[in-house]
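> Predicted structure and sequence below. I'll ask about it afterward.
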Amino acid sequence: MNLTKLRAGLAAAALMTLTSVTAVQAADEVFISDAGKSIAINGYDAVAYHTAGAPTQGSAEFKVEYDGAVWKFASAANMEAFKADPAKYAPAYGGWCAVGTSKGKKIPTKPEFFSIVDGQLYLNSSDGAHNLFLNDKPGTISTADTNWTSIESTPADQL
């Protein structure tokens, strides 16, 4: 094998490794319930939290890829609303627990523990965490906002 082909092969391998690492890190910024399927926020419809005021299971029929994950929706209208303005509907901290984020941790969430504050969806991991959030929304959000900037690209298992 000549030196040029060897260098090209090494460069291609390095690029593939860099691409895989970037994809893993980006995917971990969004809470994915099943890493093999890359489904965001347990497959629940992020728009329905705002419009129906309740967790609503999304459908495989209505899905879109955003921020390294697949987001499911209960209807075509919800899917289109999300596509038009994903930042408006996507949960804070990529769907990781708001209270966990305020403590510097990425903790998986459960769909029934949610709040919408000033138009932003916040998810939590348990009844206890949700009650902590409800008892101090401004303080929890402020601390979580600060922590998220340093933990968002860190894989959950490394926190």
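Here it is on my side, so go on.
> Return the backbone torsion pair for A52.
In this entry, A52 is assigned phi and psi values of phi -100, psi -20 (degrees, to the nearest 10).
> which residue packs closest to I107, ignoring adjacent ones?
Spatially, and ignoring its direct neighbours in sequence, I107 is nearest to G100 (3.2 Å; Cβ to Cβ, 6 or more residues apart in numbering). Using the backbone N, CA and C atoms, a C-beta is placed for each residue, glycine as well.
> In terms of secondary structure, what does the one helix or strand that neighbour maps to contact?
G100 belongs to helix 98-102 when assigned by DSSP states H and E. Here helix 98-102 touches strand 120-124, helix 127-135, helix 137-151, going by 3 or more Cβ pairs under 8 Å, 6 or more residues apart in numbering; DSSP states H and E.
> helix, strand or coil for the residue most central in space within the chain?
Against the mean C-alpha coordinate of the chain, by Cα atoms, centre = their mean, the closest residue is V30 at 2.1 Å. When the structure is reduced to helix, strand and coil (DSSP: H, G, I helix; E, B strand; the rest coil), V30 reads as coil.
> if I pick it, what's in contact with it?
Counting by Cβ atoms under 8 Å, 6 or more residues apart in numbering, V30 touches 40-41, 67-69, 94-95.
> Could you do D45 as well?
56-58, 72-75, 78.
> hmm, which of those are the buried ones?
Using 16 or more other Cβ atoms under 10 Å as the burial test, these include 56, 58, 72-75, 78 as buried.
> How is this structure divided into domains?
Following automatic domain parsing, one finds the domains of the chain at 31-90, 91-150.
> ok, back up a step: and the helix holding G100, average pLDDT?
The predicted model gives helix 98-102 an average pLDDT of 98.
> next structured bit after that helix?
Per DSSP H and E, helix 98-102 leads on to strand 110-117 as the next helix or strand towards the C-terminus.
> what's that next one packed up against?
Taking 3+ Cβ pairs under 8 Å, 6+ apart as contact, the helices and strands that strand 110-117 lies on are helix 46-51, strand 120-124, helix 127-135, helix 137-151.
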